[in-house]
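Enquirer: Predicted model and sequence below, questions to follow.
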Amino acid sequence: MGVGDKLGRITRRDLMKLSGQYGLSSTLLAAGSFGGAMSLANLASAAESTYERRFSKEAKHTLKFGAAGFNARNLLIERAGALEFARDLESRTDGEIRIEFIGDNQICNQPSCVEKAQQGIVDIYAASTQNSAGGAPYLNVLDYAYMFPGRASQYHFLYHPDSVKILRDPFEQRHGLKFLFSHCELRGIQMGLAWQDKPTITKVEEMFGTKNRVTGTQLGRIAMQALNLNPVPVAWEETLDGLKQGLIDGAETWASAVAYANMSPVVSQSVDLKFFCGTEHTAMNASVFDGLEGYLQDAVMESAYWAQVHVQAANEAALVKTVGYSDPQLPDTIFAKNNVRIAFLEDAEIKVAEEMCSPEFQPQLWEQWRERLNGWAGGIDTYQEIYDIAREVDADMLPENVEPRRWWKG
């Protein structure tokens, strides 16, 4: 059974009808809890019991969760953990915290969710750190080129107690937001249909001179310019059309983002350049967190930890079984169905790219931003500190084998 099929028999009108009866959040939380195919009757029953459980007592706090373009269907493709976090937090607090989950770009989109959270329009948000870096520039700290050798090193850093002083505290102090958890992938270049009939890319130089979409990350642009990949700022919601119409040759993003955003039909090759972070994070307005009773703050942190552990395992499985990010590909995956080839580059070729653009080999390109980020972090060398932590685990370690730790407990 392909991904998204479990909701395939249920139309948007059906979902809206159930949402009108039981509320959108109860319906989405119910839909997200199914492991296989569901009928409308099954979903209605689940939505009803979810609604009854959630509203069995009065909530002390109702928190708005702006989840950019996510919904119950595409969160089964990119396992960003947003619905799992909401469900677990409600359950863990016996309904004292109730989450109003608002996805499908209804209250905020990839670039704007961070600003809506800062303004208090939403209390929690999910979006990529790179798109959010426009409104919260400290998030650029994750985007030094080739700072992370693989996904395992990303998870290891997020669990690491030093992530508090390097990432979480400066982010909170500077932007008023609390970094909770994140999915982890590394960005590559997703080539459009003009590359459909060309041989699979094996060298970075084959992409030199192409015009590629870039997110809100300022550091990502530095790397792309150094790699002669001509970064063009294009909003995430407009990237699909840009690729379809040939306005851009490719887009920098990660594999499961292509799959969840229905971009696979206009992507022919997914080039595993893994040159900087692709991190779909969930964060919370810090003053809202501070306004919760102590035991509820503890519950938020435990649910964030639980969601981080869930995402680490679930997204690794989904990359292979749902997206098709493997060689060979499983036949019923999104990439296999849409003829998206994976261009896994040799280590020597990754080294070529690294020597062209990383702070280790091209420090002058990064000086200005590195100095700015270090200043915001209280004078620590942000790049070097994250670089060192990222290399505490083997470069070829399986991401699902990284030991989970409660980062705030040291």
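Expert: On my side now, so go ahead.

Enquirer: Every contact and neighbour count from this point should use C-alpha atoms.
Expert: OK.

Enquirer: And the strands in the stretch 301-410 of the chain?
Expert: Per DSSP state E, counting those that start in this stretch, the stretch 301-410 of the chain carries strands over the ranges 341-343.

Enquirer: Does anything pack onto whichever strand or helix holds residue 84? Which helices or strands?
Expert: Using DSSP states H and E, residue 84 sits within helix 82-92. Contacts defined by 3 or more C-alpha pairs under 8 Å, 6 or more residues apart in numbering; DSSP states H and E place helix 82-92 against helix 24-32, strand 97-102, helix 294-318.

Enquirer: CSV for these, including mean neighbour count?
Expert: Shown next, in CSV, are those (neighbours: other C-alpha atoms under 10 Å):
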stretch, mean neighbour count
helix 24-32, 23
strand 97-102, 23
helix 294-318, 20
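
Enquirer: right, and these - which one's nearest residue 277?
Expert: For the helices and strands packed on helix 82-92, proximity to residue 277 was assessed by C-alpha to C-alpha; helix 294-318 is nearest, at 14.9 Å.

Enquirer: Report the rounded mean pLDDT for that closest one.
Expert: Mean pLDDT, helix 294-318: 98.

Enquirer: And stretch 164-183, by the same measure?
Expert: The pLDDT scores in stretch 164-183 average 98.

Enquirer: now do stretch 39-48
Expert: Mean pLDDT, computed over stretch 39-48, is 81.

Enquirer: quick one on the thing from earlier: minimum distance to residue 194: which of the helices and strands packed on helix 82-92 has it?
Expert: Closest to residue 194 of these, according to C-alpha to C-alpha: helix 294-318, at 27.4 Å.

Enquirer: Would you mind giving the helices and strands packed on helix 82-92 as TSV with distance to residue 114 added?
Expert: Shown next, in TSV, are the helices and strands packed on helix 82-92 (distance: least, C-alpha to C-alpha, whole Å):
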stretch	distance to residue 114
helix 24-32	21
strand 97-102	14
helix 294-318	18
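
Enquirer: Tell me which of those approaches residue 384 most closely.
Expert: The nearest among the helices and strands packed on helix 82-92, by C-alpha to C-alpha, is helix 294-318 at 24.4 Å.

Enquirer: Kindly calculate the angle that that closest one makes with strand 97-102.
Expert: Interaxial angle of helix 294-318 relative to strand 97-102 (axes from the mean of the first three to the mean of the last three C-alpha atoms, to 10 degrees): 40 degrees.

Enquirer: can you give me how far helix 294-318 is from the chain middle?
Expert: With C-alpha atoms, centre = their mean, to the nearest Å as the basis, helix 294-318 stands 14 Å off its chain's centre.

Enquirer: any residues touching it, and which ones?
Expert: Applying C-alpha atoms under 8 Å, 6 or more residues apart in numbering, the contact partners of helix 294-318 are 76-82, 84-85, 88-89, 92-93, 97, 155, 180-184, 289-290, 399-400, 404, 406.

Enquirer: Only whichever of the residues you listed are buried, select them in ChimeraX.
Expert: In ChimeraX, a selection of the buried entries from the contacts of helix 294-318 looks like this (16 or more other C-alpha atoms under 10 Å):
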select :76,77,78,79,80,81,82,84,85,88,89,92,93,97,155,180,181,182,183,184,289,399,400,404,406
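
Enquirer: With adjacent residues omitted, what lies nearest to the spatially most central residue of the chain?
Expert: Nearest residue to the geometric centre of the chain (C-alpha atoms, centre = their mean): residue 280, 1.6 Å. Distances taken as C-alpha to C-alpha, 6 or more residues apart in numbering place residue 128 nearest to residue 280, at 4.0 Å, with adjacent residues excluded.

Enquirer: ok, that neighbour - how many residues close by?
Expert: By other C-alpha atoms under 10 Å, the residues close to residue 128 number 26.

Enquirer: these two touch, right, it and residue 257?
Expert: No: look at residue 128 against residue 257 with C-alpha atoms under 8 Å: they stay out of range, at 10.0 Å.

Enquirer: those helices in the stretch 101-250 of the chain, which residues are they?
Expert: Along the stretch 101-250 of the chain, the stretches classed as helices by DSSP state H, counting those that start in this stretch are 113-119, 129-132, 151-159, 163, 169-175, 218-226, 236-244.

Enquirer: Give me whichever of those is most buried.
Expert: Each of those was scored by mean neighbour count; the highest is helix 129-132, a mean of 28, by mean count of other C-alpha atoms under 10 Å.

Enquirer: Now do that one: which elements does it pack against?
Expert: Judged by 3+ C-alpha pairs under 8 Å, 6+ apart, helix 129-132 has no packing partners among the helices and strands.
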